[in-house]
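In: Here is my input, please return the structure:
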Amino acid sequence: MQHPKGLYLLFVTEMAERFSYYGMRALFVLYLVAAFFNNDDASEIYGSYTGLVYLTPLLGGYIADRYWGNRRSIITGGLMMAVGQFLMFASACFVKQSIYTKGGDIDSAVDNNLALWLMFAGLAALIIGNGFFKPNISTMVGDLYEPDDQRKDSAFTIFYMGINLGAFIAPFICGSLGKSDWTDPSGFKWGFFAAGCAMIFSIAVFIALKNKLLVTPDGKQIGIMTEKATMPTECQTATSVTETTHKGHGIIGTSLCLLLGAILMYVFSYDADDYNDYISAAIYAVSIVLPIFIITDGGLTIDEKKKIGVIYLIALFVIFFWSAFEQAGSSLTIFADQQCDRHIGSWEMPTTWFQSINPIVVVLFAPVMATLWETLQKHGIRVHSITKQAMGLALLALGYLVIAYGTHGTDTSTKISMWWLFTLYFIHTLGELSLSPIGLSLVTKLSPARMASLLMGVWFMSNATSNILAGKLATLLPIEGEPNDHIMGIEIATLSDFFMLFAIMAGLASVILFCIKPILKKMMKS
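Out: Numbering: from 1, shown residues only. Next up, the predicted model:
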């Protein structure tokens, strides 16, 4: 069936933006290690960055709904991200060499402070820009169709493939341009520059064609402020999230939640050593307080609270999934760079290219997985959404079991075949396809209409928490010459121990989720 041309404009816009994001992501940890930090610090900074990237869409979506509209938010966010990428480029232009000697000692003669602050300025622009861009472009895909249009599901499938196409191409181009080593980290600059150019292309295409293509079936422009959005609060309908939550809590309830947030922030940051710890504390505090604030709304019915409770429980299990899955951007990137034999004959595969495995598997297997569920249903086998989520966690555990087996009996100075890592990424992507789209669908099905955007923000916050936790867990990666780490009294002495930690974590989460499925099903039907 033919789709509106506006879908393909959003496809290209998002594909270029994802090229920019994943191009920079493929280089980020490698750049941190090459120029500024050790492996542990680099992993924590990566976790803080990606955690904030998933937190700011809550604010960006709210501003778009209340004040700016989707189009203005997308353009503003896109331009900010372009600035962020070019600041990363400037950082790499000014960087001199690694602050560490090859032996691992700090070289006090190297001053990379300007490059470091340019990098942090770039990260801030990327985080804020993503908050405006990410939640709004997806909303516009749905706005192109009538609410009951049967093409909507396939439209999101096309859009999702565009996301992964950009993510697939980016590491090849940005990774190839951003070549560097510990003696000359400035080589990363051209990879960051390519990511910035992709962001400029994304916004230029969007600005040029938005008025012509982004229209409803009856020709009405979408993504701009409506009369409802500009009305005084007292004139808006009950679907306004802000109005509903305000009426449901009042000044006392809101004040208590703010007080709880302040207390949690203090508790989580009590032993903070640096800014990463304060960022983590803020994300953890918001991730607890906002769900409490929502579910204690006096305007919710008992049935609505039960369904929101299901969303919360699923989001909790998603934290276990993404905190293990997102090792791809930190510990697994370091592992690929330092402890994998990446040679095919005389050619050495660039580390950044591993980042393309996930998106290409998504592009190739998303239709296969969709067809599988449909085929099973036609034959009378209906796989429940909760079961699919549990399967996703089980596949994640299986991927880590494979790499744990591949590294068994090796030490940190031994390089293993990169095909073990290929296998892990393939299995993990099948797990993602079983869990991620299903989770998004559950949120939209279970959310009260007046709180749909706010609860989607909670879903994004679970990803934010996951990325912070992923950064913390990545620091457990065994490093030659450093003391062994412990977690809950268990020693992490080898690579196999490190990977088994994630296999056990994901496996237990899968079993628990499957066991409580009857309770969740009952709550969903309430």
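In: My guess is Phe422 contacts Ser356. True?
Out: No - using Cβ atoms under 8 Å, Phe422 is not in contact with Ser356; the gap is 11.1 Å. (Glycine included, C-beta is placed from N, CA and C.)
In: Settle it for me: which of those two has more neighbours?
Out: Taking other Cβ atoms under 10 Å, Phe422 and Ser356 do not tie; Ser356 has more neighbours (20 against 13).
In: pretty sure that one contacts Phe168?
Out: Yes - at 4.9 Å, Ser356 and Phe168 qualify as touching, with contact defined as Cβ under 8 Å.
In: which secondary element of the protein has the worst mean pLDDT?
Out: helix 227-230 (a mean of 44; mean pLDDT, DSSP states H and E).
In: What segments of this structure are strands?
Out: Taking DSSP state E as the test, the strands found in the chain are 340-341, 343-344, 347-348, 416-417, 485-487, 490-492.
In: Of those strands, which is nearest Gly175?
Out: strand 347-348 (12.4 Å; Cβ to Cβ).
In: Sheet-wise, list the partners of the closest one with their directions.
Out: Paired neighbours of strand 347-348 in the sheet (DSSP bridges): strand 343-344 (antiparallel).
In: still on that earlier bit, for the strands of the chain, which one ends up most surrounded?
Out: strand 340-341 (a mean of 16; mean count of other Cβ atoms under 10 Å).
In: Centre of the chain to it, how far?
Out: 27 Å (Cα atoms, centre = their mean, to the nearest Å).
In: Now do that strand: which elements does it pack against?
Out: strand 416-417 (3 or more Cβ pairs under 8 Å, 6 or more residues apart in numbering; DSSP states H and E).
In: average pLDDT for the strand it packs on?
Out: Averaging pLDDT along strand 416-417 gives 90.
In: what packs against it?
Out: strand 340-341, helix 385-407.
In: can you put those in JSON lines and add mean pLDDT and distance to Asp273?
Out: As requested, these are exported to JSON lines (pLDDT from 0 to 100; distance: least, Cβ to Cβ, whole Å):
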{"stretch": "strand 340-341", "mean pLDDT": "89", "distance to Asp273": "31"}
{"stretch": "helix 385-407", "mean pLDDT": "94", "distance to Asp273": "29"}
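In: wait, which of these is closest to Leu256?
Out: Using Cβ to Cβ, those put helix 385-407 closest to Leu256, at 32.7 Å.
In: how about that closest one as PDB, C-alpha atoms only?
Out: In PDB, the C-alpha atoms belonging to helix 385-407 read as follows (Å, rounded to 0.1, in the frame of the first residue of the first chain):
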ATOM      1  CA  SER A 385       3.800 -10.000  24.900                       C
ATOM      2  CA  ILE A 386       5.200 -10.800  28.400                       C
ATOM      3  CA  THR A 387       6.600 -14.100  27.000                       C
ATOM      4  CA  LYS A 388       8.300 -12.300  24.200                       C
ATOM      5  CA  GLN A 389       9.900 -10.000  26.700                       C
ATOM      6  CA  ALA A 390      11.200 -13.000  28.700                       C
ATOM      7  CA  MET A 391      12.500 -14.500  25.500                       C
ATOM      8  CA  GLY A 392      14.400 -11.300  24.800                       C
ATOM      9  CA  LEU A 393      16.100 -11.500  28.100                       C
ATOM     10  CA  ALA A 394      16.900 -15.200  27.600                       C
ATOM     11  CA  LEU A 395      18.500 -14.500  24.300                       C
ATOM     12  CA  LEU A 396      20.600 -11.800  25.900                       C
ATOM     13  CA  ALA A 397      21.800 -14.300  28.500                       C
ATOM     14  CA  LEU A 398      22.600 -16.800  25.700                       C
ATOM     15  CA  GLY A 399      24.800 -14.300  23.900                       C
ATOM     16  CA  TYR A 400      26.800 -13.700  27.100                       C
ATOM     17  CA  LEU A 401      27.100 -17.500  27.700                       C
ATOM     18  CA  VAL A 402      28.600 -17.900  24.200                       C
ATOM     19  CA  ILE A 403      31.200 -15.200  24.700                       C
ATOM     20  CA  ALA A 404      31.900 -16.500  28.300                       C
ATOM     21  CA  TYR A 405      32.600 -19.900  26.800                       C
ATOM     22  CA  GLY A 406      34.800 -18.300  24.100                       C
ATOM     23  CA  THR A 407      36.900 -16.500  26.700                       C
END
